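A.B. asks: Take a look and give me a structure for this.
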Amino acid sequence: MDALLLPMALLTAIVLRFGGWPHDLGKYWPLLPIAPLVAIPVFIKMGLYRAVVRYMDEKIMVTVFSGVSLSVLLLATVVTMGRFVNMPRSAIVIYWILAMAYIGATRYLARGLLRTLENQQLERTAVAIYGAGRAGSQLALALAADRHYEVVAFFDDDKGLHGRVIAGVHVYPPADAASLIQALQIRQVLLAVPSLPKSRRRDILNTFEPLHVQLKTVPDMKDLVEGSIELADVREVTIEELLGREVVEPIPALMQANITGKVVMVTGAGGSIGAELCRQIIRQQPKALVLFEVSEFALYQIERELRLQLPGGVGLVALLGSVVDQARLESVCRTHGVQTIYHAAAYKHVPIVEDNPLEGARNNILGTFHAAQAAIACGVETFVLISTDKAVRPPNVMGATKRMAELVLQSLATRHSQPVFSMVRFGNVLGSSGSVVPLFREQIRQGGPLTLTHRDITRYFMTIPEAAQLVIQAGAMAKGGEVFLLDMGEPVRIYDLAVKMIHLSGLEVRDERHPEGDIAIRLTGLRPGEKLYEELLVDDNAVQTSHPRVMMANEACWTEADLQAALTVLHESIASAQPTQLLALLSQHVAGFSRPGIPG
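C.D. replies: Below you'll find the model as predicted:
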C-alpha cells in the first residue's frame, strides 16, 4: 500500500504546486518510483512494519512522522544531488504533508476494518465505565483492543464532561443510567474511580444495584497510571464495598501500646479474627509473636503467610495447643516471656455449639478461665478477650458461653491488677469463616438458591481488618475489667443483602413477581438458638471512650463466690456429661438465655 501511495502523494503534490497538470509533467515521471524506493527502507528500519495493525495505538503516529520526515529529507537530497529535475521546494513540503496523511490514515483505516470484521464474528459484551477521568480513559483504551468487551458509554458526576466524547465514547450523567442500560443493552458497569471515598462509592453502588447490571471495579490509580492494567485486574465489586464505611485512621499510640517491642501471643491464631490480629500485630514491630492454635492446618497456613511479610527483627513462633490445657499455656507463656495475650480462640458457630453444648462450654468458658489463670501465673501484662454481640441476651448456647467467659474475666479483674483484663464485643465480620457473605457468593456461583433462615433477620457487619485494629486499640485503653463495644454502624437486613448480591452479579431474583428470574431465595426457618437481631449492650447504657469507634459498657459482674460456684457446676456438668445441668447454669447466670423446662 505504501509503494502505491507514496508515488500518488508525490504526483498530487506536483499537481497542487502548479495548480493543475503542468505542460512538462513528463519530466517528473522518473521521480515517482524513487519516492517508495527511498521511503520503504526507512520505514523498515524504523519498525513501521513490525507494528500489528489490529492493536496499533496513537504511538504509531510518532513513528509515521519520523519515518516520513526522514524519507522526504532523503528524497530531497537525492533529487538535489542527482539533478534529475528542478523540483520546486514547495512541492517537497506538500509531498511531506500528503505522505504523512496517506501513511497514517491507511493504517487507521486498516485497523478499523480489521476490528469491524472481527467484531462481526464475535459477540462482544456491552459495558459502561463509571468515571471518565484518567483511570476510565485508560480502561476504555485497554478494552478497545479486546475481543470480548465494547465500551458503549461513560458515566461521570462532573457536569462539565456530560456530552463530551472520550476515547470515542460519549459521557452521560448517572441519572441517565437506567434508560441507557436498557437501550444499549449494557451488561456490566466498570467502576474506574479508585480514589473515591468509600461513602461515595457505596452511593454509586446503591444507584446501580437495582438496575440488575453486573458491577466490577478497576485497580488503584497507581497501577492505571503505570499502564499495568489488564482485564484480569478488573474484579467484581465486593459486598464489603457496598456495605463499607469510611474507616477511622488508627491511633498509632494505641496500636503500639501493648505490642511494640513486646512478646505478644494470639490464641486461635488461625481463625478469621485471630489471623487478622496477627497481620496487624507484626506491623507494629513486636519483639516476637507467638501463634497458639489447636488446628495444625490453620496454624500452618497463618505461619506460612506471616513468614512472607515478617519485618526484620520480629520473632515468630508457631505452637500447637488447646486453651483448655492450662499447663501448656503456662509453659508457653514462661518459655517465651509473653507480655500481651489476645484471646481469640473460641467455638463460634451457633448451630454446631447448640448441638455440642458441653464442648462449647469447655472451650469457650473453661478455655478463657485457664488462659486467664495462666496469664496471672506468668505475669502477663495485658489480656484481651475477643467477644461477640451474640453474648448479649443470647437465646443460643454459643452466645451464653461467650457471656459466661466475659463474666469470668470481669470477676478475675476485680481481684487481680495484673494482667489488665478487658473484653471487646462486636458483631459479624465480613468474609469470616462461616459468614453469610462467602456462603451467598458460592450459592450464586452455583446458580442458587440462596438459603436464608428468616426474611426479617438483621445483623451488624464490619470488615475484618477494621475489627482487628479496633480490638487492639480498645485493649490499649483498658484499666481492668472493661467491656468495650465497637461501633458497628447500622444493622443490615440479610434478605436485602442477598438481593443486593444477586443484583450486583447482574442477575435477577426469582420470586412471585419475577418467575423468570435467575436466582431464588429460599427461607429455611430460624435455627435453634438463632435471634432475629443482635445487640451490643446487656444494659442499655454505654460511655464513649477517647476513640470515636469504641464505647465502654457499664454492666454488672460476678463476685468471687459467684465465679467459684459457677466453675464448680461447670466442671461437674462436663465431667458427668450432663448438658441439662450446664443449660441450667447458663439460664441462671446469663440474662436472656433460657431453655423450656429448665429453671432460670
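A.B. asks: then stretch 149-157 to PDB, C-alphas only?
C.D. replies: Included here for stretch 149-157 are C-alpha records, laid out as PDB according to Å, rounded to 0.1, in the frame of the first residue of the first chain:
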ATOM      1  CA  TYR A 149     -15.900  -6.100  25.500                       C
ATOM      2  CA  GLU A 150     -17.200  -3.000  23.900                       C
ATOM      3  CA  VAL A 151     -17.300   0.300  25.800                       C
ATOM      4  CA  VAL A 152     -20.600   2.000  24.800                       C
ATOM      5  CA  ALA A 153     -20.900   4.700  27.500                       C
ATOM      6  CA  PHE A 154     -19.200   6.700  30.200                       C
ATOM      7  CA  PHE A 155     -21.000   7.900  33.300                       C
ATOM      8  CA  ASP A 156     -19.500  10.700  35.400                       C
ATOM      9  CA  ASP A 157     -20.600  13.100  38.100                       C
END
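A.B. asks: quick one: buried residues of that stretch?
C.D. replies: Using 16 or more other CB atoms under 10 Å as the test for burial, stretch 149-157 gives Tyr149, Glu150, Val151, Val152, Ala153, Phe154, Phe155, Asp156. Every residue, glycine included, has its C-beta placed from N, CA and C.
A.B. asks: quick one: least confident helix or strand in this protein?
C.D. replies: helix 221-225 (a mean of 49; mean pLDDT, DSSP states H and E).
A.B. asks: ok, which stretches of the stretch 51-200 of the chain are strands?
C.D. replies: For the stretch 51-200 of the chain, strands defined by DSSP state E, counting those that start in this stretch occupy the ranges 125-130, 149-155, 165-166, 169-172, 188-191.
A.B. asks: which secondary structure elements does the helix ranked longest in the chain contact?
C.D. replies: Taking DSSP state H as the criterion, the chain has its longest helix at helix 89-121. Identification of packing neighbours for helix 89-121 by 3 or more CB pairs under 8 Å, 6 or more residues apart in numbering; DSSP states H and E yields helix 2-18, helix 60-82.
A.B. asks: Report all helices and strands that the shortest one contacts.
C.D. replies: Looking back up the chat, that one is helix 2-18. Under the contact definition 3+ CB pairs under 8 Å, 6+ apart, helix 2-18 sits against helix 31-45, helix 89-121.
A.B. asks: Wait, Gln326 touches Ala375, no?
C.D. replies: No. Because the distance of 10.3 Å does not satisfy CB atoms under 8 Å, Gln326 is recorded as not touching Ala375.
A.B. asks: Out of those two, name the residue with the larger neighbour count.
C.D. replies: In this comparison of Gln326 against Ala375, neighbours counted by other CB atoms under 10 Å, the higher total goes to Ala375 at 27 against 18.
A.B. asks: For the more buried one, list the residues it contacts.
C.D. replies: Contact criterion CB atoms under 8 Å, 6 or more residues apart in numbering gives Cys333, Val338, Ile341, Phe383, Pro419 as the residues in contact with Ala375.
A.B. asks: so which strand or helix has it?
C.D. replies: Secondary structure assigned from DSSP states H and E places Ala375 in helix 367-377.
A.B. asks: list the buried ones in that helix?
C.D. replies: Within helix 367-377, the residues that qualify as buried are Gly367, Thr368, Phe369, His370, Ala371, Ala372, Gln373, Ala374, Ala375, Ile376, counting by 16+ other CB under 10 Å.
A.B. asks: and it, what's its mean pLDDT?
C.D. replies: Across helix 367-377, pLDDT averages out at 96.
A.B. asks: for that helix, the distance to its chain's centre please.
C.D. replies: 37 Å (CA atoms, centre = their mean, to the nearest Å).
A.B. asks: got it, and stretch 292-306?
C.D. replies: Shown here is stretch 292-306, whose average C-alpha point lies 23 Å from the average C-alpha point of the whole chain (CA atoms, centre = their mean).
A.B. asks: go on, stretch 95-115?
C.D. replies: On the basis of CA atoms, centre = their mean, stretch 95-115 is displaced by 44 Å from the centre of the chain it belongs to.
A.B. asks: Please apply the same query to stretch 149-158.
C.D. replies: Here the centre of stretch 149-158 is set off from its chain's centre by 23 Å, with CA atoms, centre = their mean.
A.B. asks: neighbouring contacts of it?
C.D. replies: By CB under 8 Å, 6+ apart, the residues outside stretch 149-158 that reach it are 119, 124-133, 136, 139-140, 143-144, 161-162, 166-167, 169-174, 176-177, 180, 184, 186, 188-189, 231.
A.B. asks: give me every residue that touches the closest residue to Gln326 other than its chain neighbours.
C.D. replies: Once flanking residues are discounted, Gln326 sits nearest to His370: 3.9 Å by CB to CB, 6 or more residues apart in numbering. The contact partners of His370, by CB under 8 Å, 6+ apart, come to Val323, Val324, Asp325, Gln326, Leu329.
A.B. asks: Nearest to Ile472 among those?
C.D. replies: Out of the contacts of His370, the one with the shortest distance to Ile472 is Val323. That distance is 19.8 Å, counting by CB to CB.
A.B. asks: Might you report the residue contacts of that closest one?
C.D. replies: Listed by CB under 8 Å, 6+ apart, the contact set of Val323 reads Thr267, Gly268, Phe292, Val294, Leu329, His343, Ala345, Asn363, Gly367, Thr368, His370, Ala371.
A.B. asks: Likewise for Ile259?
C.D. replies: When contacts are counted by CB under 8 Å, 6+ apart, Ile259 is found next to Ile281, Gln284, Gln285, Pro286, Thr340, Ile472.
A.B. asks: Adding mean pLDDT, write the helices and strands packed on helix 2-18 out as a markdown table.
C.D. replies: Written out in a markdown table, the entries for the helices and strands packed on helix 2-18 read as follows (pLDDT from 0 to 100):
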| stretch | mean pLDDT |
| --- | --- |
| helix 31-45 | 83 |
| helix 89-121 | 80 |
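A.B. asks: Out of these, which one sits most buried?
C.D. replies: Comparing those by mean neighbour count (mean count of other CB atoms under 10 Å), helix 31-45 comes out on top with a mean of 18.
A.B. asks: from the middle of its chain, how far away would that helix be?
C.D. replies: Centre-to-centre, helix 31-45 and its host chain are 55 Å apart (CA atoms, centre = their mean).
A.B. asks: quick check: domain ranges of this protein?
C.D. replies: Structural domains assigned to the chain are 2-119, 125-237, 252-589, following automatic domain parsing.
A.B. asks: Distance across the last one, terminal residue to terminal residue?
C.D. replies: Across its full length, domain 252-589 reaches 38 Å between end residues, using CA to CA, to the nearest Å.
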